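A.B. asks: I would like to see how this sequence folds:
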Amino acid sequence: LEHPSIERAGHCERLSMVVRTLARHLRVLPSRADGPLRRWERLVAEGKMRGDAGQLGVMRALDRIDRVIASGYASVDVEALTRSIRAWDAREKKEGPRPRKPRVPRGVYVHGGVGAGKSTCADLFFESLGAAGRRVHFHEFMLELHRRIHVDGVRKAGRALAAESIVLGVDEFEVVDVADAMIVRGVLEAMWGRGGILVATSNRPPQKLYRGGPNYSYFAPLVAAIERRCFVVDVESTVDHRLADATDDVVGPRHAWTRDVDVEAWLDAAISDELGTRPTWLAERHLRVGDTRSLLVPRSVQHDGRRAAVFRFDDLCDASYVGAVDYGALADAFDVVALLDVPPLDFHKHDRARRFVTLVDCLYESRVILLISAHCPPHDLFAPPPLRDDGPDLISVRELGWAFRRAASRLVEMTKP
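C.D. replies: Residues are numbered from 1 along each chain as shown. Prediction:
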């Protein structure tokens, strides 16, 4: 018989082996001191931003991806490795070790109410991630996908996204028609097949994306894939942090009520404040948009390397030929954009309302200063939605209700200095 001390030593050795094995499979990487979670905690502790339990949950999920990337993860060809495993299993005579199943980190799909802090959390994450991540607004994402698939097809476009960056971030993720639904599904599945990671923000949980849309059955597999490939995190906040310090009768100096002010005098003063000089307006010019189009800029001014442009609402939002690609070019070309005579918006003329929301999104994401003269303050600019969440109405119109709330919240922030 073995001596008790020798037997105990054997148990300790076996226990040590079990612990080492578990450590390899359940490795917990520490948060980086300059990682997104620690930065968020410092900003909240210093009172530089508002934080809550919902944001903390989001930051923990994003920090997990940051730790994995920092530890050396690189995207892999999941499809090719899976084929190799199947081929190895099918052989009667096994040669060499069985290929290891690829382990791709799950992404994060963040959803919640307007102004809950989704974009702020994503800002911290992608600033920390650096070149390993790429972030794009959904409008720009769809324009890019249409260009890519026209040349390369859906699968090649998705694989290219994975090759260009490990993490793809898509802000304001939404799907409003069946064509976009099919494109997004195919591209993301191809990106995941090459080991890419998705980080998305949205006002809607995956189950409500495109819900009630025509031919929803073609889109449903993407919902299941998002839930399988991503941690779905609900911010669970009822507070709009952008409006926390605002009241219904207070707007920033970058907003003017047309009923209360001389708009031209206000515009000259506002441009002077932003550029540091009284504006000397240049004659109308054409802004290049892509390879074949241009956008008429009625008035513009440049001083000390900064540029400002002035439009009326009808110039950018009432014309059917103007859209997200034009707004993107505008955001790239100018530091300040003034939009005059913005009327109250409702669902009866939903096309121009959606163009206005898209314009606000593009300028907001590009950090362009917006000067706006309107018939009412941001809170009253959009009529409340007359539609039920699960009603039979057009899905694009129903989703506009969420877009209205987001735009009103962003306008409050954008009109403050």
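
A.B. asks: burial count for the nearest residue to Pro378 once chain neighbours are set aside?
C.D. replies: Spatial nearest neighbour of Pro378, chain neighbours left out: Leu411 (3.9 Å); criterion: CB to CB, 6 or more residues apart in numbering. In short, each C-beta sits where N, CA and C put it, glycine included. When neighbours are counted by other CB atoms under 10 Å, Leu411 registers 26.

A.B. asks: show the pLDDT at Leu411.
C.D. replies: On pLDDT, Leu411 comes in at 83.

A.B. asks: now do the helix or strand hosting it: which elements does it pack against?
C.D. replies: Using DSSP states H and E, Leu411 maps to helix 395-414. Judged by 3 or more CB pairs under 8 Å, 6 or more residues apart in numbering; DSSP states H and E, helix 395-414 is in contact with helix 350-365, strand 369-374.

A.B. asks: the same query, at a cut-off of 6 Å, please.
C.D. replies: helix 350-365 (3 or more CB pairs under 6 Å, 6 or more residues apart in numbering; DSSP states H and E).

A.B. asks: which SS state does Gly195 fall under?
C.D. replies: When classified by DSSP: H, G, I helix; E, B strand; the rest coil, Gly195 comes out as coil.

A.B. asks: isn't it up against Pro105?
C.D. replies: No - using CB atoms under 6 Å, Gly195 makes no contact with Pro105, being 9.0 Å away.

A.B. asks: now do the helices in the stretch 51-200 of the chain.
C.D. replies: 53-70, 78-90, 118-129, 138-152, 154-164, 178-193 (DSSP state H, counting those that start in this stretch).

A.B. asks: so which of the ones you listed is nearest Ala319?
C.D. replies: Shortest distance between Ala319 and those, using CB to CB, is found for helix 138-152: 17.0 Å.

A.B. asks: quick one: which of Gly195 and Pro105 has more around it?
C.D. replies: Just comparing Gly195 and Pro105: by other CB under 10 Å the higher neighbour count belongs to Gly195, 21 against 17.

A.B. asks: pLDDT score for that one?
C.D. replies: Reported pLDDT for Gly195: 87.

A.B. asks: how close does it get to Ser320?
C.D. replies: 41 Å (CB to CB, to the nearest Å).

A.B. asks: go on, Val223?
C.D. replies: 32 Å.

A.B. asks: ok, those two, which is more surrounded?
C.D. replies: Val223 (19 against 8).

A.B. asks: model confidence for the more buried one, exactly?
C.D. replies: Reported pLDDT for Val223: 90.

A.B. asks: low-confidence stretches in the chain?
C.D. replies: 1-31, 33, 75-102, 237-260, 384-399, 416-417 (pLDDT under 70).

A.B. asks: any idea which residue sits dead centre in it?
C.D. replies: The centroid of the chain falls nearest to Asp171 when counting by CA atoms, centre = their mean (1.0 Å).

A.B. asks: you'd agree the residue nearest to Pro378 is up against Asp380?
C.D. replies: No - applying CB under 6 Å, one finds Leu411 not in contact with Asp380, separated by 11.1 Å.

A.B. asks: and for these two, which residues touch both?
C.D. replies: Listed as contacting both Leu411 and Asp380 by CB atoms under 6 Å, 6 or more residues apart in numbering is no residue at all.

A.B. asks: sorry, back to before: nearest to Phe313, out of the helices of the stretch 51-200 of the chain?
C.D. replies: helix 138-152 (18.8 Å).

A.B. asks: list the contacts of that closest one.
C.D. replies: 157, 170, 172-174, 180, 183, 187, 324-325, 328, 358.

A.B. asks: using PDB, write out every CA atom in it.
C.D. replies: C-alpha atoms of helix 138-152 as PDB (Å, rounded to 0.1, in the frame of the first residue of the first chain):
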ATOM      1  CA  PHE A 138     -25.900  52.100 -40.900                       C
ATOM      2  CA  HIS A 139     -26.800  54.600 -43.700                       C
ATOM      3  CA  GLU A 140     -23.100  54.700 -44.800                       C
ATOM      4  CA  PHE A 141     -22.800  50.900 -44.300                       C
ATOM      5  CA  MET A 142     -25.700  50.200 -46.700                       C
ATOM      6  CA  LEU A 143     -24.300  52.600 -49.400                       C
ATOM      7  CA  GLU A 144     -20.900  50.900 -49.100                       C
ATOM      8  CA  LEU A 145     -22.500  47.400 -49.400                       C
ATOM      9  CA  HIS A 146     -24.400  48.300 -52.500                       C
ATOM     10  CA  ARG A 147     -21.200  49.600 -54.100                       C
ATOM     11  CA  ARG A 148     -19.200  46.500 -53.100                       C
ATOM     12  CA  ILE A 149     -21.700  43.800 -54.100                       C
ATOM     13  CA  HIS A 150     -22.200  45.600 -57.500                       C
ATOM     14  CA  VAL A 151     -18.500  44.800 -58.200                       C
ATOM     15  CA  ASP A 152     -17.700  41.700 -56.100                       C
END
